[in-house]
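Pasting the sequence and the predicted coordinates here, then a few questions.
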Amino acid sequence: MKFNPDADLDTSGVEDTRGSGGGRGGGLPGGMIPVGGGIGGIILLVVILLLTGGLPGGGGSADEPVTQNTATGNLSSCKKGTDLQANSNCRFVFYQNSIESFWAAELPRRGKKYTRAPMRVFDGSVNTGCGPATSAVGPFYCPPDMRVYLDLGFFETLQTDLGARGGEFAEAYVIAHEYGHHIQNLYGILDRIKTRNGPSSDSVRSELQADCLAGIWTNHATTVPNKSGQPLITELSDDDIVRGLDAAASVGDDRIQQKTQGQVTPESFSHGTAAQRMKWFQKGMDSGDMTACDTWSANPL
């Protein structure tokens, strides 16, 4: 994945609250996961198990060491592409700018107004329009305040405990998936979620659609410009795409259940299988068109 060093970055949509002393208080009220919780909901059990003794057969990716997010400096200082040299976490501003810029142009082209959704980066815990949340929830989208929430430490968990290969595009996929929930929210699709468990539940259909929407952005990623007309991301390699698909598979219900409980129980699915998540992400990448993402009428999924 290559970023344009001459790109102007817009930090107005990135709220970096790390180190603000939010503490590690309780989770969402009544154990609630945010509506449209995306990646976060499915990893909650994994993180709980990690905190209480770890997962069976845990360990890092075999082909690449885990990259720690040790870069210092608030993301608000990421103004130019060259700032990546001093703060590698500026890549998250690239992701956010590219994803939101794409949808901000795509929706009006389809006659739909786009409303911005800031990405709030936190550590430990955070207060949201969905209630207080901890890092254990993982990345999520909160419809009431229209924000994507992200603890950068999640990407280490994605590799070391969920078995993903990781890499920059795996990170971009996760964020694009959460912005997919924002697009659903703007279209009123999240209001259709009535059944939350089962292989064909509304929750599964919503999550797979968000994967497909992430794939649509991927299709256009190297052509999305900043306000100066410069492309933000200049290259996606075949390896990047493989890592994105691998990340999607790693958070499949069946993969998570097999790892955490040693068996797969489809009646409790909420996000879709590894194969389904890869399928719909790939479908979005191949088409680049929102009309390809109708998971609500697809049968089978």
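All right, it came through fine.

Next, the buried residues of stretch 227-246.
Using 16 or more other Cβ atoms under 10 Å as the test for burial, stretch 227-246 gives Pro231, Leu232, Ile233, Thr234, Leu236, Asp240, Ile241, Arg243, Gly244, Leu245, Asp246. All C-beta atoms are positioned from the backbone trio N, CA, C, and that covers glycine.

how far away is the last one from Leu208?
Applying Cβ to Cβ, to the nearest Å, the value for Asp246 to Leu208 is 17 Å.

do the fourth one as well
According to Cβ to Cβ, Thr234 stands 30 Å off from Leu208.

do the first one as well
Relative to Leu208, Pro231 is positioned 29 Å away (Cβ to Cβ).

what's the answer for the fifth one, then?
When distances are taken as Cβ to Cβ, Leu236 and Leu208 turn out to be 22 Å apart.

Over to Arg243?
The gap separating Arg243 from Leu208 is 19 Å, by Cβ to Cβ.

same thing with Ala249?
Between Ala249 and Leu208 the distance is 13 Å, computed by Cβ to Cβ.

And Ser287, by the same measure?
With distances taken as Cβ to Cβ, Ser287 is found 14 Å from Leu208.

again, but for Lys283
From Lys283 to Leu208 the distance is 9 Å (Cβ to Cβ).

ditto for Ala104
From Ala104 to Leu208 the distance is 24 Å (Cβ to Cβ).

Can you pick out the residue with more neighbours from these two?
Leu208 (26 against 15; other Cβ atoms under 10 Å).

Give the other helices and strands that the strand or helix carrying that one contacts.
Leu208 belongs to helix 202-220 when elements are defined using DSSP states H and E. Here helix 202-220 is seen to pack against helix 91-109, helix 168-186, helix 238-250, helix 274-287 when contacts are counted using 3 or more Cβ pairs under 8 Å, 6 or more residues apart in numbering; DSSP states H and E.

of all those, which lies closest to Phe140?
Of all these, it is helix 168-186 that lies closest to Phe140, at 6.7 Å by Cβ to Cβ.

could you check the angle helix 238-250 makes with the closest one?
Relative orientation of helix 168-186 versus helix 238-250 (axes from the mean of the first three to the mean of the last three Cα atoms, to 10 degrees): 60 degrees.

Which parts of the stretch 51-200 of the chain are strands?
For the stretch 51-200 of the chain, applying DSSP state E, counting those that start in this stretch gives strands covering 119-121, 125-128, 131-134, 140-142, 147-150.

and stretch 120-133, what's its mean pLDDT?
Averaging pLDDT along stretch 120-133 gives 95.

State the number of residues packed around Asp145.
For Asp145, using other Cβ under 10 Å, the count is 15.

ok, the residue nearest to it when sequence neighbours are not counted - contacts?
Leaving out its chain neighbours, the residue that sits closest to Asp145 by Cβ to Cβ, 6 or more residues apart in numbering is Gly129, at 3.0 Å. For Gly129, the contacting residues are Cys142, Pro143, Pro144, Asp145, Met146, Arg147, by Cβ atoms under 8 Å, 6 or more residues apart in numbering.

repeat that for 6 Å
Cys142, Pro144, Asp145 (Cβ atoms under 6 Å, 6 or more residues apart in numbering).

and if you look at Thr222?
Taking Cβ under 6 Å, 6+ apart, one finds Ile233 in contact with Thr222.

now Asp246
Ala164, Arg165.

and it, how far is that from Ala274?
From Asp246 to Ala274 the distance is 9 Å (Cβ to Cβ).

try Asp211
Distance of Asp211 to Ala274, computed by Cβ to Cβ: 11 Å.

And for Thr222?
Counting by Cβ to Cβ - Thr222 and Ala274 are separated by 27 Å.

Find the centremost residue of this structure, please.
Nearest residue to the geometric centre of the chain (Cα atoms, centre = their mean): Val174, 2.4 Å.

what's the distance between that residue and Arg120?
15 Å.

Leu84 too?
Note on Leu84: its distance to Arg120, by Cβ to Cβ, is 21 Å.

which stretches of the chain have low pLDDT?
For the chain, the stretches with pLDDT under 70 are 21-72.
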